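Student: Sequence and predicted structure, then a few things I'm wondering about:
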Amino acid sequence: MFEWLYQTVYDDVTWFNLITALLIFLVALVVSKLLTVQLRRTLKEKMSKEHLEMMAKLVSYGILVVAVLWILPTLGIEPSGLMVAGGIVALALGFASQSIIGNLISGLFLMGERPVKIGDQVEIAGNRGFVEDIHIISTSIRTLDGLYIRIPNETVFTSSIMNYSSNKVRRVDLVIGIRYSDDAEKAIQAIREVIEAHPLIMVNPETHVFVDELGDNSVDLVVRTWTPTPEWYTVKRDLLWKIKVAIEAVGVQIPFPQRVLWYGADENNEEIS
Amino acid sequence: MLEKENTENKPGKKVSWHYSSGQNNPGFPWGPHKIPLQMEFAGMSLFLEKKEGRIIYFRQGIGEEYSKEILAEKGNFVLTPVEPFHLPVGVGTHLLIDFSRSVVIEPRSSKTVFATFPLELACAITHKQAGEHILDVFALSRPKFTLYGSIRNGLVCKYWKSDTYISIPRLNPLEQGVISINIQNSSGRWAEINKAVFSAPGMKIYYGPEIVSLKASMKIINEYTAETVFFDEPLKKGMHKALEKFSQRFLSLSAKTVMEEGY
């Protein structure tokens, strides 16, 4: 009944060998999937997402590579022979698929150098967003408006990368214009009180609030304050309005642009407008 | 409603509170309580009431309101101090205590000083098999953060300014805890200490009716480096261990902190 299993398909390889190889590969596939799921579940809170993903990929690919090496003799292919042939094939493939190899090698370098991590907010080749995943060939980004962008690793590797998340703290810069008739010291004091009361503004590095410019329409106060990097957007969004309310509460106003016109012919130089 | 003996935030005074059944209880309301329950302290009101087979949790005060519906027939309520790293969640994994007056310690000596640390309060519901489930975390003190070390590799720390004491100070145990720090100067130089940084996962908080405590040590290694660690011990006999919510989430972090950027 099962005699067909022992019929040769090519060389000495029988149907039995082929099915065995297929089963081993499928089992390895299932084991690698289960193991990576289990790894992610177990180490989710004990490792950073980036390290965990890298480990999961290593385990997954490792199991598959071992499985392939194991089934090669069953399929009548000697791994030692492959090594010689592999060099020639790799050379040919390298010429034939330069961009893929370029992306692959860039991917390996990126994994070593790690200029970006999964979850970082970055700007790569003009694309700004959060790193979703770093694959061996490409890096995927979710833009701030929720779009998916796949960037080849060669582009990532050769582009300037701005990583908004790599440092522990990030500065929030604000410019607040007040009237020339207002007391800047009073405004600065009110701003300092807002800064002091805000839980997400760091004690160190310290906040600087000072008169930066005597502008055309206003005295410009600059606020340079620091916040934990993940909270930067929250603070930026929150702070400006709180400052506006606080300085108005002490009688300081934010002026509208204005222009005073003088007519040269007017003997008394009276202000017209 | 509740009968309050103290005026808010006065250290050393006891808060009087009662179950809604009217049973009076002395001391601060840490630990397990039966539901239904009402509590008032430091401008904060907590309510837990049973309603049509469910439990309603409601907190009000200090400008905020929070409520939860609990689908459970049974369960006790627990009020416990927790590590001060939940408000806001995920910001900082270390506590920096900034001493308002520097502590100078002679070479090759060991002394113990007391300081304060900020508290957060957790409200939990307990189940015989499943243990505790945190319903809510709040604080009576205002959180603030600071950076210890460089912008690139430093530690984002919960910031707390504290006086130092030679004996256990009397404080409002709902707002501040007492930390005993054994300072060991193993170097051959005088050491001047302005701050101490502690890793949150090692925090082992204990509470009693009138005190919440931590025990820690700070080993001065050289002019710029010190090492701090918490001990899993109460400050006084008869204290209970607080719920460890934060520590369990960050098991990968070391309980020891090496302060390489000065102290």
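Tutor: Looks like it arrived, so ask away. The model shown is predicted, which means the values in this text are computed figures rather than measured ones.
Student: what does chain A put close to chain B?
Tutor: A:45-47, A:166-169, A:197, A:199-205, A:226, A:228, A:230-231 (CB under 8 Å from any CB of the partner chain). Where you see a C-beta, it was placed from the backbone N, CA and C, and this is true even at glycine.
Student: From these, keep the buried residues only.
Tutor: Buried members of the residues of chain A next to chain B, counted by 16 or more other CB atoms under 10 Å in any protein chain shown: A:47, A:166, A:168-169, A:199-204, A:226, A:228, A:230-231.
Student: Would you reformat these as CSV and include secondary structure?
Tutor: Shown next, in CSV, are these (DSSP: H, G, I helix; E, B strand; the rest coil):
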residue, secondary structure
A:Met47, coil
A:Ser166, coil
A:Lys168, coil
A:Val169, strand
A:Pro199, coil
A:Leu200, coil
A:Ile201, coil
A:Met202, strand
A:Val203, coil
A:Asn204, coil
A:Trp226, strand
A:Pro228, strand
A:Pro230, helix
A:Glu231, helix
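Student: Those into a markdown table, with extra columns for pLDDT?
Tutor: Shown next, in a markdown table, are those (pLDDT from 0 to 100):
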| residue | pLDDT |
| --- | --- |
| A:Met47 | 70 |
| A:Ser166 | 91 |
| A:Lys168 | 93 |
| A:Val169 | 95 |
| A:Pro199 | 91 |
| A:Leu200 | 93 |
| A:Ile201 | 95 |
| A:Met202 | 95 |
| A:Val203 | 96 |
| A:Asn204 | 93 |
| A:Trp226 | 97 |
| A:Pro228 | 94 |
| A:Pro230 | 91 |
| A:Glu231 | 92 |
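Student: where along the stretch 151-273 of chain A do the strands fall?
Tutor: Secondary structure of the stretch 151-273 of chain A (DSSP state E, counting those that start in this stretch): strands at A:161-163, A:169-178, A:208-214, A:219-228.
Student: Same check on the stretch 1-150 of chain A?
Tutor: A:8-10, A:13-14, A:121-124, A:127-134, A:138-143, A:148-152.
Student: how deep is the residue nearest to A:Lys33 when sequence neighbours are not counted tucked in, by neighbour count?
Tutor: Of all residues not flanking A:Lys33 in the chain, A:Ser60 sits nearest, at 7.5 Å (CB to CB, 6 or more residues apart in numbering or on different chains). By other CB atoms under 10 Å in any protein chain shown, 18 other residues sit near A:Ser60.
Student: How about the one 3 residues further on?
Tutor: Burial measure for A:Ile63: 19 neighbouring residues, criterion other CB under 10 Å.
Student: OK, contacts around it?
Tutor: Contacts of A:Ile63 were listed using CB atoms under 8 Å, 6 or more residues apart in numbering or on different chains, and they are A:28, A:31-32, A:35.
Student: Could I get the pLDDT score of it?
Tutor: Confidence at A:Ile63, expressed as pLDDT, is 89.
Student: Comparing the strands of the stretch 1-150 of chain A by mean pLDDT, which bottoms out?
Tutor: Among the strands of the stretch 1-150 of chain A, strand A:8-10 carries the lowest mean pLDDT, at a mean of 82.
Student: Okay, the spatially most central residue of chain B and B:Ser213: tell me how far apart.
Tutor: For chain B, B:Leu119 is the residue whose C-alpha lies nearest the centre (CA atoms, centre = their mean; 3.3 Å). For B:Leu119, the distance to B:Ser213 (CB to CB, to the nearest Å) stands at 11 Å.
Student: ok, now B:Asp163?
Tutor: In terms of CB to CB, B:Asp163 sits 16 Å off from B:Ser213.
Student: one step back: can you redo the strands of the stretch 1-150 of chain A as TSV with mean neighbour count?
Tutor: Converted to TSV, the strands of the stretch 1-150 of chain A look like this (neighbours: other CB atoms under 10 Å in any protein chain shown):
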stretch	mean neighbour count
strand A:8-10	11
strand A:13-14	16
strand A:121-124	20
strand A:127-134	18
strand A:138-143	19
strand A:148-152	15
